[in-house]
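Asks: Predicted structure and sequence below. I'll ask about it afterward.
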Amino acid sequence: MGTPGPTGRFGEFGGRFVPESLVPACAELEAAFASAWGDPAFRAELDTLLGSYGGRPTPVTECHRLSERLGVRVLLKREDLAHTGSHKINNVVGQALLARRMGKHRLVAETGAGQHGVATATAAALFGMECVVYMGELDTLRQELNVFRMELLGAQVMPVRGGSRTLKDAVNEALRDWVATVEDTHYCLGSVMGPHPYPWMVRELQRVVGDEARSQCRDLLGADPDWVVACVGGGSNAAGTFAGFADGGSRLVGVEAAGGAAISRGVPGVVHGMKSYLLQDEAGQIAEAHSVSAGLDYPGIGPEHAHLASIGRARYEQADDAEVLEAFRLLSQTEGIIPALEPAHALAWVVRAAGREIETGSSVLVTLSGRGDKDVAQVRELLASPTP
Amino acid sequence: MRIEAGFLEKRLRQARDAGRKLLVPYVTGGMSEDWVHVVHAVSMAGADAIEIGIPFSDPMIDGPTVQSASATALERGTTPTGILDALRREEFDLPLVVMTYYNLIFRAGHRRFAESLAEAGVSGAIVPDLPLEESGEWCEHADRAGLETVMLVAPSTPSERAELICARSRGFVYAVGVMGVTGERAQLASSATTVARRLRGITDLPVCVGVGVSTPEQAAEVCREADGVVVGSALVRRLAEGVGPKGAASFVTELREAIDSGR
């Protein structure tokens, strides 16, 4: 998983499909990130912040009881223990530092479930920046507490009433804001998607997850794990995880929500500035994704995942809502760890595949991208209803 | 009916060389039952070319007015094929330019989409999310189909890049008047006249300013520097309010009179 070059391509995917007004801004960001990423002082400042503020490194936890149950050795990369409760903090601290270096004092972001919005609001508070978060109106209703969290952190939350009123519309609205404010504003995109350089930059900012996990696995296993599994919406935690393992022999699996499975059910297309697999109709109108987990409700997928799928370096599976809820409960009860619904998709696939594709006795690293506190109210309702 | 290649540029150059300012109204295809009547009415009210939007589910560069018109059109079951079928049945005395987003082209296939526009009597295309670096494949097929691809230049575009964009543009050059999405503005941004002036120093193609040109007064103001104007949201809002073909025509007539008299 190298650098995509000036055209921002991962194989045939990626690119920079943005209005002309944004082309100079994307080019400026690309140059600024390339320079910062090669600057030891920038890297040192980021590492220090991720340690003293973000809580890194996060541990890898061996799941003894779950492993016994499944017959495979399960290890969890504990991004749920990072500040703000998910891997999102790695990306936003990096981008906020970069924004400051570029002289921008305002951050805009999109959010679905609210995790990235909360993380961006957190970074904005840390750096004393203005912050506006766009969130689909439906999501603001489903995730009221996260709206309050963002406001508490000093951010302004703008409900998006256009389109399907969910994550994809929040991305459109954040881009629309950025076109008009690009002089003083940085668009802090939350995943490995969007126009070049975002898919590359966000993957690099998240690769700390994979790099740490690989060395932790070597300490625990004496080798790389046989399997590396992560959930995929846009795909940032999976990209960061895979980046640490892609040059080794581990088999890489991304798990999409069945109702948002861009690779399994989509076809190539262009939206939000990138060419990738998208859920869309015959004419090319973008479809809405549906999943129990708002964080995976995205009709596309990061272009590098589309590429990894097409060259066969990673495979992409699906998990449906029912098995996700089951995995959510299973991890809670066997290990005392309540996962977010997003990584519960990765766990659900491991539960299904253990003893089949995943041979008994194999080792499996799962990135637990976030904690489940945000989801417990929703899960309580779902478990109470007769057919979840 | 297929149109001779280069019709858009020819028409606009002729008008400009005759001392006429260019007026390009925008209508969202399929936004109402009578949208084709609107196109006819507008074409007879002083337009030099008409931009027809093919609606997309995720119109990234459009503000609330065009977003809402696009959503209405899609709810009415509008498809690219439906719009082109409707246009194919009609005859217009002026060039038509389609404005749409790249995914609709990519999904249909470059060649097929370009051919279907040409066969429907469309002269040109504007694809706002397809910047110069990504436009190669589309432009190749559009050129082959005799379709003129109008490229956009923004206030943020550096001069060297603007030269490359103008060199690749056909028909006219679309000067984006303001950093932002389409929509009405209370005042004309200073960037609208600045970008027009810059472009007229770079290219001999007609230069039309669009985005943020909302009133007859603003149209006249921008035409002091530009060869012409594209007026979208101000017309689409009136159509959404129900003015119909007659009301659309009278607004376009007002715009015409304002740019002719320079006031």
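Replies: Perfect, thanks for sending it.
Asks: Please tell me how far residue B:258 sits from residue B:47.
Replies: Per Cβ to Cβ, to the nearest Å, residue B:258 is found 14 Å from residue B:47. The C-beta positions use only the backbone N, C-alpha and C, and glycine is treated the same way.
Asks: Neighbour count: those two, which is higher?
Replies: With neighbours defined as other Cβ atoms under 10 Å in any protein chain shown, residue B:258 and residue B:47 compare such that residue B:47 has more, 25 against 21.
Asks: Quick one: residues contacting the more buried one.
Replies: Taking Cβ atoms under 8 Å, 6 or more residues apart in numbering or on different chains, we find residue B:47 in contact with B:23-25, B:94, B:252, B:256.
Asks: Of those residues, which pair is most distant in space?
Replies: Among these, the pair separated by the greatest distance (Cβ to Cβ) is B:94 and B:256, at 12.9 Å.
Asks: I'd assumed residue A:37 was in contact with residue A:43.
Replies: Yes: contact criterion Cβ atoms under 8 Å: residue A:43 and residue A:37 qualify, at 7.3 Å.
Asks: These two - which one has more neighbours?
Replies: residue A:37 (17 against 13).
Asks: Now that one. Nearest residue, chain neighbours left out?
Replies: Leaving aside its chain neighbours, residue A:37 sits nearest to residue A:204 (6.3 Å; criterion: Cβ to Cβ, 6 or more residues apart in numbering or on different chains).
Asks: Return the list of helices and strands in contact with the helix or strand hosting residue A:107.
Replies: Using DSSP states H and E, residue A:107 falls within strand A:106-111. Applying 3 or more Cβ pairs under 8 Å, 6 or more residues apart in numbering or on different chains; DSSP states H and E, we find strand A:106-111 packed against helix A:88-101, helix A:115-127, strand A:130-136, helix A:167-181, strand A:185-187.
Asks: looking at these, which is closest to chain B?
Replies: Closest of those to chain B is helix A:167-181, at 3.7 Å (criterion: Cβ to the nearest Cβ).
Asks: So which residues of chain B form helices?
Replies: Counting by DSSP state H, chain B has helices at residues B:7-17, B:35-43, B:64-75, B:80-88, B:102-108, B:110-119, B:136-144, B:159-168, B:190-200, B:216-222, B:233-240, B:244-261.
Asks: Just give me the neighbour total for the residue nearest to residue B:84 when sequence neighbours are not counted.
Replies: Nearest residue to residue B:84, sequence neighbours excluded (Cβ to Cβ, 6+ apart): residue B:120, at 4.0 Å. When neighbours are defined as other Cβ under 10 Å, residue B:120 has 23 of them.
Asks: In contact with residue B:120, which residues?
Replies: B:84-85, B:87-88.
Asks: in the sheet, who's paired with residue A:159?
Replies: With DSSP bridges applied, residue A:159 shows beta-bridge pairing to residue A:135.
Asks: ok, how many other residues are close to whichever residue of the stretch 201-350 of chain A sits closest to chain B?
Replies: At 3.1 Å from chain B, residue A:284 is the closest residue in the stretch 201-350 of chain A, using Cβ to the nearest Cβ. Using other Cβ under 10 Å, residue A:284 has 25 other residues around it.
Asks: Test my guess that it contacts residue B:109.
Replies: No: contact between residue A:284 and residue B:109 fails when scored by Cβ under 8 Å: they sit 10.5 Å apart.
Asks: returning to that earlier point: distance of the residue of the stretch 201-350 of chain A closest to chain B from residue A:311?
Replies: With distances taken as Cβ to Cβ, residue A:284 is found 25 Å from residue A:311.
Asks: Can you verify my assumption that residue A:225 contacts residue A:218?
Replies: No: at 9.6 Å, residue A:225 and residue A:218 do not qualify as touching, with contact defined as Cβ under 8 Å.
Asks: neighbour-wise, which of those two wins?
Replies: Neighbour tally, residue A:225 and residue A:218, criterion other Cβ under 10 Å: the higher count belongs to residue A:225, 26 against 12.
Asks: per-residue confidence at that one?
Replies: pLDDT for residue A:225: 98.
Asks: now swap in residue A:349 and tell me
Replies: 98.
Asks: residues in contact with the nearest residue to residue A:260 once chain neighbours are set aside?
Replies: Leaving out its chain neighbours, the residue that sits closest to residue A:260 by Cβ to Cβ, 6+ apart is residue A:289, at 3.3 Å. By Cβ under 8 Å, 6+ apart, the residues touching residue A:289 are A:166, A:168, A:257, A:259-260, A:279, A:296-299.
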